[in-house]
Structures are given as structure tokens and as C-alpha cells.
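**Q** Turn this into a model:
(2 chains)
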Amino acid sequence: MLKFILSVLTRARRTMEVSKHIVDLVTNSFEALAKHILVMLTEEADGSVTLCVSDDGVGIKEEDVVKALAGEKTPRGNGLRLLKEAADDLQYGSDERGTHVCAAFRSMQIGNVGDALIVFWQEMRITAITLSAVSPRGEFCFDSRLIGEKYGDPADIQTMVKVRKDVNYALTNLFGGKKE
Amino acid sequence: MKSIADINAIREQMRSKVLIRDNAKEGETHVFVGMGTCGIQAGAVEVFNAFVDEISSRVIKNVRISRSGCLGDCDKEPMAEVVLPGAAPVVYAGLTKEKVKEIVEKHILGGNVVTAYVTK
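**A** Below is the predicted model of the structure:
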């Protein structure tokens, strides 16, 4: 079993919003053939933000992670180098039962998470994506398996727009708009 | 040398991609936005959402918008491939919200390729 943890501390360039990192990490989960992807976004009282993405995919080889962190082309591990540069702390674990990535930021722009989530609209019908967001102001949960029940026909583009608006609105309230 | 698990993973990955393409209804236009890391950095998420905004606000039916992997030319991102029913795929590069608006109006609605933005 392949299991490892990388811990990286860096005073980094902050080039991408958290929402863009979510797109990179969820793409990796799809590449690993995950059936369920969990995105957790947490803001602490001191304003620090933690992003964790977990999946039940086939994992990623350690040598691919090393290459990805070095910025080399790999079959999987997209965007890990950028995440390492942006985060104040990065924890990473992977084996054949799944992958878990957790990045902590002292302060960071959240961006529009709804815009990021709907990028996976077509795949959400095959793979479940759950978003859990928590801040001192409250919490919000989105589950792609409930789209039909809560928002309308998934084949209708207006449903996609509704989900985007709902997620963006909820997270703006939770995280108090864009953070610098 | 690839292990059996690797080969199975590749097969499953290809199967899911084929499934998404096969699910396209007949007569449906398909837009694929390149969502590799280089694309994301260059603004692919904004371009994807610009297509969603244009298609939904004009109430255009039978258009499916999906992400794709890197479209192969990181310097020209954000890129998107537009496939009209029965027509050859057209790949656009260096996209912005304004260019997306023009592509939806002229290509998806009007059937005329916007050659100025087609990747060389």
C-alpha cells in the first residue's frame, strides 16, 4: 500500500483563487475514476481557510506526486505544484482506496465556487460531488445527487444556472465575500 | 511497464469519456472547454461560465457544455472546441467573454465559423 504525507510550508505567490484550485483537484479525482468526491471548505474564526478534497478513486503513485509538485507533466496530479505554492500548509495522502488533499491558507480569495462546480456538470450525473462549507457564520451543503429533486431537470441549462447562483450566494454569505 | 490496474484505469477513463460523448443527443451542439491546469490559470472557468451565460440567456436549446482535458497548446489557452451537428470540430483559442459572445452569436446560432479566433 502506498501511503505518504507531504507537508510543505511556504510563503507563496497567491495567484489563483481557492475555487480554481477546486477545479484542479476535482479534475484529479475524476482522472482517478472516483465515484464520490467530497469538497470541504472551512473558515476559522481567525480568517484562515482550509480546503480539503477527498475521493474514493484509485489513487496516485508517489513518483507522480513528486513529479507534479516539481511542475513536470504527469498523467495525474494536475495543479498540485500551484497549490503547494499558494498554500501555507499542504497535506497529502493517497493509496488505492482514495486520495485526500488538504491545503491551509492564512488568508485567501475564495472566488466563485458555484462557477467552479458547474464545470463538472456533465460528470456529476455519473459521479457524486458533495460540497460542505463551514464558517463562523454558518454552514452550507450541496450534493449533486439531489440536483433533480432540489433544482430541476439536470439536462436543462437553466438548472445549471440555478445551482451556480445558489452555491455562489451561499458561499458569499458564509465567507463574507471575497477575502484578501 | 504499466500494471493491470493502470490499464484498467485507462480503459475506465476512456469509457467514461466515450459515454459522455455518446450521451450527446442527435442534433445537439457540443462545446468542450479545455480545463487543464494551464487553461484554468488562463481563465477557462470564466470562459466555461461565459458559454453558460450566453446559451442560457438566449434560451438556446440543444447545446451541451462540457469540460475537456488540456487541448494541447498551453500558450493559446483558454481554448474551446465547438462541434455543430454534422460539422467538423472547430477549436478556438485565446478566448475571452467577448469572444465567447461572438462565437455563440455567429457560429452556434448563425452556423458561421469565427475564423479570426480559430487556432492556427
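**Q** Run a quick neighbour tally on residue 44.
**A** You didn't say which chain, so I picked chain A. 12 (other CB atoms under 10 Å in any protein chain shown). In short, each C-beta sits where N, CA and C put it, glycine included.
**Q** hmm, I had chain B in mind actually
**A** Residues near B:Ala44, counting by other CB under 10 Å, number 28.
**Q** Determine the set of other helices and strands touching the helix or strand bottoming out on mean pLDDT in chain A.
**A** Ranked by mean pLDDT, DSSP states H and E, the helix or strand of chain A with the weakest confidence is helix A:62-69, at a mean of 85. In terms of contacts (3 or more CB pairs under 8 Å, 6 or more residues apart in numbering or on different chains; DSSP states H and E), helix A:62-69 is packed against helix A:80-86, strand A:89-95.
**Q** how about a cut-off of 6 Å?
**A** Applying 3 or more CB pairs under 6 Å, 6 or more residues apart in numbering or on different chains; DSSP states H and E, we find helix A:62-69 packed against helix A:80-86.
**Q** Would you mind writing the CA trace of stretch A:169-179 as PDB?
**A** Provided in PDB are the C-alpha atoms of stretch A:169-179 (Å, rounded to 0.1, in the frame of the first residue of the first chain):
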ATOM      1  CA  TYR A 169     -24.800  33.200  -2.900                       C
ATOM      2  CA  ALA A 170     -24.500  30.700   0.000                       C
ATOM      3  CA  LEU A 171     -20.700  30.900   0.000                       C
ATOM      4  CA  THR A 172     -20.600  34.700  -0.300                       C
ATOM      5  CA  ASN A 173     -22.700  34.800   2.800                       C
ATOM      6  CA  LEU A 174     -20.600  32.300   4.600                       C
ATOM      7  CA  PHE A 175     -17.200  33.700   3.800                       C
ATOM      8  CA  GLY A 176     -18.200  37.300   3.700                       C
ATOM      9  CA  GLY A 177     -17.500  37.900   0.100                       C
ATOM     10  CA  LYS A 178     -14.000  37.800  -1.400                       C
ATOM     11  CA  LYS A 179     -11.200  37.800   1.000                       C
END
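**Q** Now for the closest residue to B:Tyr117 other than its chain neighbours, how many residues are close by?
**A** Spatial nearest neighbour of B:Tyr117, chain neighbours left out: B:Tyr92 (4.6 Å); criterion: CB to CB, 6 or more residues apart in numbering or on different chains. Counted by other CB under 10 Å, the residues lying close to B:Tyr92 total 28.
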